[in-house]
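Q: Provide a 3D model corresponding to the input given below.
(chains A, B, C and D)
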There are 4 protein chains.
Amino acid sequence: MRAAVAGASGYAGGELLRLLLGHPEFEIGALTAASSAGSRLGAHQPHLPQLADRVIDDTTADVLAGHDVVFLALPHGHSGAVAAQLAELGEDTVVVDCGADHRLADPAAWQEFYGGEHAGTWPYGLPELPGQRDVLKGARRIAVPGCYPTSVLLALTPAFAAGLAGPDVVVVAASGTSGAGKSLKPHLLGSEVIGSVSAYGVGGVHRHTPEMEQGLSAVAGTPVRVSFTPTLAPMSRGILATCTAPAAPGVTRESLRAAYESALRDEPFVRLLPEGVWPATSMTYGANTAALQVTLDTRADRVVAVIAIDNLTKGTAGGALQSVNLALGLPEELGLPTTGVAP
Amino acid sequence: MRAAVAGASGYAGGELLRLLLGHPEFEIGALTAASSAGSRLGAHQPHLPQLADRVIDDTTADVLAGHDVVFLALPHGHSGAVAAQLAELGEDTVVVDCGADHRLADPAAWQEFYGGEHAGTWPYGLPELPGQRDVLKGARRIAVPGCYPTSVLLALTPAFAAGLAGPDVVVVAASGTSGAGKSLKPHLLGSEVIGSVSAYGVGGVHRHTPEMEQGLSAVAGTPVRVSFTPTLAPMSRGILATCTAPAAPGVTRESLRAAYESALRDEPFVRLLPEGVWPATSMTYGANTAALQVTLDTRADRVVAVIAIDNLTKGTAGGALQSVNLALGLPEELGLPTTGVAP
Amino acid sequence: MRAAVAGASGYAGGELLRLLLGHPEFEIGALTAASSAGSRLGAHQPHLPQLADRVIDDTTADVLAGHDVVFLALPHGHSGAVAAQLAELGEDTVVVDCGADHRLADPAAWQEFYGGEHAGTWPYGLPELPGQRDVLKGARRIAVPGCYPTSVLLALTPAFAAGLAGPDVVVVAASGTSGAGKSLKPHLLGSEVIGSVSAYGVGGVHRHTPEMEQGLSAVAGTPVRVSFTPTLAPMSRGILATCTAPAAPGVTRESLRAAYESALRDEPFVRLLPEGVWPATSMTYGANTAALQVTLDTRADRVVAVIAIDNLTKGTAGGALQSVNLALGLPEELGLPTTGVAP
Amino acid sequence: MRAAVAGASGYAGGELLRLLLGHPEFEIGALTAASSAGSRLGAHQPHLPQLADRVIDDTTADVLAGHDVVFLALPHGHSGAVAAQLAELGEDTVVVDCGADHRLADPAAWQEFYGGEHAGTWPYGLPELPGQRDVLKGARRIAVPGCYPTSVLLALTPAFAAGLAGPDVVVVAASGTSGAGKSLKPHLLGSEVIGSVSAYGVGGVHRHTPEMEQGLSAVAGTPVRVSFTPTLAPMSRGILATCTAPAAPGVTRESLRAAYESALRDEPFVRLLPEGVWPATSMTYGANTAALQVTLDTRADRVVAVIAIDNLTKGTAGGALQSVNLALGLPEELGLPTTGVAP
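A: This next block holds a predicted model:
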């Protein structure tokens, strides 16, 4: 099967290519981008020597046509426009939006957090959500979750699905700098981020907030609200999200752990760590895995779940490929790394 | 005046010496330690060339006698024992415990979180707490706050003092590795911490939790409970603490900001950042300052305050020296750096 | 085929396991260690969830017997002793010493740089050296090169093999902290290495010096001496080695590049970068590749070759597996990653 | 005395301001910049809260007039132009060019390495060079050395001045990212530099090469050529330079050390480390100091000197202020930090 990657010069695009090179069922077709069109991929992704001489094309429907899968790793707003063009090319192609355009069900939330017209809602590419594997099997359109929502939904779904947590969620997460993409902004310079942790998007304004609420509310069967604070940490990859919610009456550490063990027993990529071991992002570096731990803070009466993922792998490209495997009827785990690169 | 530093080979001790070298009223007397006694300071603190040839003594009451100020930068449990010996030397010396032994008022909390016998309670060295400057003026014993409690108390005191926040606090903080001291533990190796953020002490078990609750409850005039999750970030210095609490009824962004502006107007070291600017630890690297921002998350109805400090400066040694200035009747700001080292 | 790993709790051992998990021809047999024997692998290598529950055995000949390949990732001095015991178990097993014990041909050099008795000399596991693939095919003992010598020999062999460089080599290399292993030494603490580059082993005393000289002299056909300075950089993985040698008379940039292109044309893992592009260790993170560039400094009349490798992959475990592939008659590239993990 | 800083929004400008704030004889006058003119300093230098509300002016001769000292921290080519305008304002002002425009004596070298017309040659602001303090006393124009040349000249001057080293110098240096300034280039993004060391400007093309050769040749009394390779390390500040040269006949480790001890005995900022201790950039973080060690590599017959400085302090702003102290007849050490910030 042939896969095209739009946005091949960026970080998400590079990760998609790294994973596709290791996937036994894909060959890599068109590589496209905007401002780097015309240059060779090696100038942007020097860690992928196999593709160094491939020339990057413009992102057009014509170039992207004729592939079995098209990955859109584009800034929000752009993937919706490209997807609209691709629609004319027929229904057989699997189109995977790694951006935000098709994640939200509520056009008003899109309007409030992103602005502009809402492109629509596609099947949400988080197979670990209850019932979601059935949705993704055979899907031809996939909205890849945001990296932060991936972490938060994986961390809290077992608690909410079991009715063990209340709806006042507080999440503080640290992300590596690749989560902000390759954009040339002063605060992303190495000199600024090395040796420093900083907060941004505080107070309910980060765009991933409604996506978290949408997902958790669906699992809980009741509106969940999330106070979300993202921070930028001096590492290139990784998210560590600390997710807390009021404990439901009667919850114990034992019942909480039992619920997580039960929920995660058959998950191929989400690992509940042994008791007493807490996640580090290095556990999942470059892997499509999540490392998760949960406890009950009996003093503050809150469920505290902490999760580590690689924002580019499970948080973006790996999660995308996992959903594509399902869509195409391939084994869900096919071609996806489950060992991290450490130390 | 002459100052002695017990624990001179550690990170807190090194920072005390760095600041004392820049303080116009102090000369540096005895330097003591445990296992590094007998070696030269230069082997442990190569960034302090002025003191490189000073020989480290054993930590005994005899060696520490005869100084105007004695700083104890020792593991918890040790400073209480040394302080007991120093008591016999008379009341004129200012003894400053940079460890945990004299922070808590409740012996049961000490017993639960630290174990062993409680050494007692000394005046709490956080001048920014309401009324605390009066307590510290002329004090001869000072308990330096923990680094995390320093950050959390500075961040939330204005809100609780003004009655704008409710008692269910959630704090998630990232700390640089120096907060864990110089102990040789595998998880503190450079290979482990570089490129990784990790959680530890989750679920109400971190020793700084009762100290935060003690301080915030005093300010609020009602019991405050804190769900506290510390994380380790790949930087050597700095704390970024995200502190949230339910908003009291009727609070607005404007009233919240006004309360912080009013509370911090005359604080020499705590700076409320301009609106829209959020803290980064690099703002306070090596400085005795705190960079603070606050907002109301109207979606989740929570006060969100984020603060950056240097865990070794304002969080330990600088905070200690600030209290000593007050105790000795010196200007509070004397000899304390207010510019960070950046980038 | 079954592979055993002695030293499974260390960094080299962990990397061997990561690669073996991705190799289609191996299953993982015994895992052994010294002080961590009895514990589970997950406590030491949390990035390898597949092996988390495997129990680590003591490193004895009995435990290591019955495998097709035994990897020794042990401190120098130890592998020689274990290898001597394994010798009694017969000749069919491939024994791979990832330590230093069997690299040097000259017992006097061993004595000078390592001390103690020399364990002997095994086939040197650097397939890229002239004629070395023939030596490694069918070999039953392999001495894996040191990480620094791997980088330097790959960087300068094309120049010396073509007679383009003189024998006064100067090498300065930066290494990530994993090169120093997991030993609990104060200078390897995260607080010490983050934000700092430092020199060590300066002045001809680093143990990899005679190994570099041995290899380069063999290629050059004349004694080559190396002034080698290693430095420690704030990253967990990677070596960047700057290798310079006097240019032979008449060398031009063109003839130099032509010699490298010719020498590297068919190398599967060593990549000569496009002209004007210089190596970064991020190009090879987690991969068994080397990124190499060379130029003539016409002002100083020196050949300057700069190379990046991952010290744990191509520099240790990947290089070992590459040689094992040859020894066992498997395709040299089998199971070895050629894409780096970046950014 | 009043000091103006042109280029106040950049990294060198920020460091000048940090040091000026701690200098007892200066008040800070005009702050100017190009594209950030009109904004407040706090938006660019949030670690300097004292100056947060100061508005940045355009860089014009009018604005810069009326100060005792004018620091030009501008891109090369610009300082020459501004300096020409300032010339008309009279001879009393000390003008300090922190850029490259006035360092080189040879217009041909300027033309080759920088291009465009040579602005002229000013007294070279490295007081540690033989006889240079006399040149700087009373000077009204100062060319601040480049950061790399500062390190190399400090490291090798004692050897060349004593005739202990030959002219074929090889230097490999690692620099923190702030050395590249605040320019928005993809390779300076945090995601690119974290976890990676890379080479650049290899093969005699880096602009600091002729400056090193100029300085060393003057000390040696004979032409010295330098093979210089700079590398970028994942830290924000610091240079570690490894500088080697052929040993002169008859040199011993003892005679070499004696020469360095003699040369550095009275230097206030350059410290020869105790034998066996090698420099780390963390020893000089934020300080105007250099940490230096030297040995004889008897195997390769080369002098090896390794030096650590902070590129922004001793390498730029601190070195500038040190020369200004001399120019104004102030104590050379006045207001300059000699303690590093570590860990």
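Q: what's around A:Asp134, how many residues?
A: 11 (other CB atoms under 10 Å in any protein chain shown). C-betas here are computed from N, CA, C, even on glycine.
Q: state whether it is indeed within a strand.
A: No. Counting by DSSP: H, G, I helix; E, B strand; the rest coil, A:Asp134 is not part of a strand but helix.
Q: how much space separates it from C:Ala305?
A: 56 Å (CB to CB, to the nearest Å).
Q: element containing the closest residue to A:Ala300 other than its chain neighbours?
A: Residue nearest to A:Ala300 in three dimensions, not counting chain neighbours: B:Ser227, with 3.6 Å by CB to CB, 6 or more residues apart in numbering or on different chains. Assigned by DSSP states H and E, B:Ser227 falls within strand B:225-232.
Q: tell me the mean pLDDT over that strand?
A: What strand B:225-232 shows for mean pLDDT is 98.
Q: likewise for stretch A:238-245?
A: 98.
Q: which parts of that stretch are buried?
A: Buried residues in stretch A:238-245, defined by neighbour count with 16 or more other CB atoms under 10 Å in any protein chain shown: A:238-245.
Q: and the helix or strand A:Ala30 falls within, what does it pack onto?
A: A:Ala30 belongs to strand A:27-33 when elements are defined using DSSP H and E. Where contact means 3 or more CB pairs under 8 Å, 6 or more residues apart in numbering or on different chains; DSSP states H and E, strand A:27-33 is packed against strand A:2-6, helix A:11-21, strand A:57-58, helix A:61-64.
Q: for that strand, list every residue counted as buried.
A: Buried-residue list, strand A:27-33, by 16+ other CB under 10 Å: A:28-33.
Q: residue contacts, the residue nearest to A:Ala100 when sequence neighbours are not counted?
A: Ranked by CB to CB, 6+ apart and with sequence neighbours excluded, the top spatial neighbour of A:Ala100 is A:His76, at 4.1 Å. Counting by CB atoms under 8 Å, 6 or more residues apart in numbering or on different chains, A:His76 touches A:99-101, A:114, A:207.
Q: A:Leu292 too?
A: A:154-155, A:260, A:264, A:270-273, A:279, A:305-308.
Q: now with 7 Å?
A: A:154-155, A:270-273, A:279, A:305, A:307 (CB atoms under 7 Å, 6 or more residues apart in numbering or on different chains).
Q: the spatially closest residue to A:Tyr124 that is not a sequence neighbour and chain C, how far apart?
A: Distance criterion CB to CB, 6+ apart; nearest residue to A:Tyr124, sequence neighbours excluded, is A:Ala143 at 5.5 Å. Applying CB to the nearest CB, to the nearest Å, the value for A:Ala143 to chain C is 24 Å.
Q: what of A:Gly14?
A: A:Gly14 is 7 Å from chain C, by CB to the nearest CB.
Q: isn't that residue right next to A:Gly42, touching?
A: No. Between A:Gly14 and A:Gly42 there is no contact under CB atoms under 7 Å: 11.4 Å.
Q: tell me which of those two has more neighbours.
A: Neighbours were counted for A:Gly14 and for A:Gly42 using other CB under 10 Å; A:Gly14 has more, 28 against 20.
Q: tell me which element the nearest residue to the more buried one once chain neighbours are set aside is part of?
A: Nearest residue to A:Gly14, sequence neighbours excluded (CB to CB, 6+ apart): A:Gln45, at 4.5 Å. When elements are assigned from DSSP H and E, A:Gln45 belongs to no helix and no strand.
Q: can you report phi and psi for A:Gln45?
A: phi -130, psi 70 (degrees, to the nearest 10).
Q: rewinding a little: nearest to chain D among the contacts of A:Leu292?
A: Distance ranking of the contacts of A:Leu292 against chain D, using CB to the nearest CB, places A:Pro279 first at 19.5 Å.
Q: now the nearest residue to A:Tyr148 once chain neighbours are set aside: how far from A:Ala109?
A: Distances taken as CB to CB, 6+ apart place A:His208 nearest to A:Tyr148, at 4.3 Å, with adjacent residues excluded. Computed as CB to CB, the A:His208 to A:Ala109 distance reads 11 Å.
Q: try A:Trp278
A: Counting by CB to CB, the gap from A:Trp278 to A:Ala109 is 33 Å.
Q: who has more neighbours out of these two?
A: Of the pair A:Trp278 and A:Ala109, A:Trp278 is the one with more neighbours under other CB under 10 Å, namely 23 against 18.
Q: check for me that the more buried one belongs to a strand.
A: No. A:Trp278 is assigned coil when assessed by three-state DSSP, not a strand.
Q: got the contact list for the closest residue to it other than its chain neighbours?
A: Of all residues not flanking A:Trp278 in the chain, B:Ala199 sits nearest, at 4.3 Å (CB to CB, 6+ apart). B:Ala199 sits next to A:240, A:242, A:278-279, A:306, B:229, B:231 when contact means CB under 7 Å, 6+ apart.
Q: how about A:Leu31?
A: So A:Leu31 contacts A:5, A:8, A:41, A:54, A:56-57 (CB under 7 Å, 6+ apart).
Q: what's opposite it in the beta bridge?
A: A:Val5 (DSSP bridges).
Q: can you read off the pLDDT for it?
A: 98.
Q: and for A:Gly80?
A: A:Gly80 is given a pLDDT of 89.
Q: so for stretch A:4-16, mean pLDDT?
A: Mean predicted confidence for stretch A:4-16 is 98.
Q: need the distance between the two termini of it.
A: 10 Å (CA to CA, to the nearest Å).
Q: from A:Gly10, how far out is A:Ala37?
A: The value you get for A:Ala37 to A:Gly10, if CB to CB is used, is 13 Å.
Q: higher neighbour count, these two?
A: A:Gly10 (24 against 17).
Q: and for that one, nearest residue in space, chain neighbours not counted?
A: A:Lys182 (5.4 Å).
Q: how much space between that neighbour and A:Ser196?
A: Applying CB to CB to A:Lys182 and A:Ser196 gives a distance of 20 Å.
Q: so for those two, which sits in the more crowded spot?
A: Per other CB under 10 Å, whichever of A:Lys182 and A:Ser196 has more neighbours is A:Ser196, with 29 against 20.
Q: chain neighbours aside, what residue packs nearest to that one?
A: The nearest residue in space to A:Ser196 (CB to CB, 6+ apart) is B:Ser282, at 3.7 Å.
Q: which parts of chain A sit against chain C?
A: Proximity of chain A to chain C, by CB under 7 Å from any CB of the partner chain, involves residues A:11, A:14, A:18, A:21, A:42, A:46-50, A:178, A:195, A:236, A:271, A:274, A:282-283, A:285-286, A:289, A:338-343.
Q: separate out the buried members of those residues.
A: A:11, A:14, A:18, A:21, A:42, A:46-49, A:178, A:195, A:236, A:271, A:282-283, A:285-286, A:289, A:338-343.
Q: in strands, which of these fall?
A: A:Arg271 (DSSP state E).
Q: keep only those of the buried ones among the residues of chain A next to chain C that are in helices.
A: Among these, DSSP state H puts A:11, A:14, A:18, A:21 in helices.
Q: among the contacts of A:His76, who's most crowded?
A: In the contacts of A:His76, the most neighbours by other CB under 10 Å go to A:Asp101, 28 neighbours.
Q: separation between it and chain B?
A: 22 Å.
Q: name the nearest residue to that residue, sequence neighbours excluded.
A: Counting by CB to CB, 6+ apart, A:Asp101 lies nearest to A:Gly80, which is 3.8 Å off, once chain neighbours are set aside.
Q: the one you found should be in a strand, yeah?
A: No. Under the criterion used here (three-state DSSP), A:Gly80 is helix, not part of a strand.
Q: burial count for it?
A: For A:Gly80, the count of nearby residues is 22 (other CB under 10 Å).
Q: pretty sure it contacts A:Ala119?
A: Yes. Between A:Gly80 and A:Ala119 there is a contact under CB under 7 Å: 2.9 Å.
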